[in-house]
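>>> Build me a model from this:
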Amino acid sequence: MTLVFDSEKKCAVCGKPSVQYDIVSTNSFGSPDLDTRPPEMERSTIDYWVQRCPDCGYCSSDIEKKVEGSEKIIKEGGYKDTLNDKDFPELANFFRCEAYIYERLENYSNSALAMIHAAWFCDDEKNKLGAKHCRLKGFELLQKLWSEGKTLFEHKASDYALAADLLRRSRKLMVADIIAEGLNSNPDDFTKNLLLAQKILFDKRDSSCYKMDDIDKIIEQNKESDIMPDGLPF
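This next block holds a predicted model:
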């Protein structure tokens, strides 16, 4: 069961009050997507993952908490353009603004996550071009994170698996290189199978959404196929 409550909050940037919504509790049953999006009921709480101050436009997971440096960033033309971009759903723009703030502050992990959330909301709104843009931007942010010698997850192989899904869903050919890097990064058995499933789907030019529970089925159904990677044990 999901519980959401509304309350008046003061924006940490401009101090103006507004009514915002917070998740009190939720749950999830089933398998997450290959890009880690949670199953229901948590999946449908995405509307409450980001808040926007209606006065100054500050976007954050909690507008009562200020991200240091954000007061200058939200005045930039690029931020305002992102907030009002008509090519994306409104809530996706809130996530994109959150990502904008973190990117400007070189916090690429939080920026990448916010951008991936924007892609998920675009999916829900059937905005395919918006979802593709957000996934590719999410991948770009992961690359910036890697360039600093950092990773989103504990093991970089998991980062590669997420990146592979972002690129495959966006129909980008470079996904093959990312999968190869992931398989060469000493992944655990689960992550290796996840990467192999991504390769199978990519080689079939399948850009659909799949769940973690589908991994074994994808591999099993393609064991005898020519698209299976050579020299890998099964």
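
>>> Please count neighbours and contacts with C-alpha atoms only from this point.
Fine.

>>> contacting residues for the most centrally placed residue in the chain?
Central residue of the chain (C-alpha atoms, centre = their mean): I116, 2.0 Å from the mean position. With C-alpha atoms under 8 Å, 6 or more residues apart in numbering as the criterion, the residues that contact I116 are C134, R135, G138.

>>> Helices of the protein, start to end?
70-73, 77-83, 90-104, 108-124, 128-147, 156-169, 175-183, 189-203, 215-221 (DSSP state H).

>>> Can you say which of these is nearest to S28?
Closest to S28 of the helices of the chain, according to C-alpha to C-alpha: helix 108-124, at 16.6 Å.

>>> ok now that closest one, how far from the chain's centre?
4 Å (C-alpha atoms, centre = their mean, to the nearest Å).

>>> same deal with stretch 64-79?
Worked out by C-alpha atoms, centre = their mean, stretch 64-79 lies 21 Å from the chain centre.

>>> Buried ones in it, by neighbour count?
Under the neighbour-count criterion of 16 or more other C-alpha atoms under 10 Å, stretch 64-79 has E64, K66, V67, S70, E71, I73, I74, Y79 buried.

>>> would you put the C-alpha positions of it in PDB?
Extracted in PDB, the C-alpha atoms of stretch 64-79 (Å, rounded to 0.1, in the frame of the first residue of the first chain):
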ATOM      1  CA  GLU A  64      13.200  22.300   2.000                       C
ATOM      2  CA  LYS A  65      16.800  21.000   1.600                       C
ATOM      3  CA  LYS A  66      19.100  23.300  -0.400                       C
ATOM      4  CA  VAL A  67      21.800  21.900  -2.600                       C
ATOM      5  CA  GLU A  68      24.700  24.300  -2.000                       C
ATOM      6  CA  GLY A  69      25.200  26.400  -5.100                       C
ATOM      7  CA  SER A  70      21.800  25.800  -6.500                       C
ATOM      8  CA  GLU A  71      20.600  29.400  -5.900                       C
ATOM      9  CA  LYS A  72      22.800  30.700  -8.600                       C
ATOM     10  CA  ILE A  73      22.300  27.800 -11.000                       C
ATOM     11  CA  ILE A  74      18.500  28.100 -11.100                       C
ATOM     12  CA  LYS A  75      18.900  31.700 -12.400                       C
ATOM     13  CA  GLU A  76      20.800  30.500 -15.500                       C
ATOM     14  CA  GLY A  77      19.100  30.600 -18.800                       C
ATOM     15  CA  GLY A  78      19.900  26.900 -19.400                       C
ATOM     16  CA  TYR A  79      18.000  26.000 -16.200                       C
END
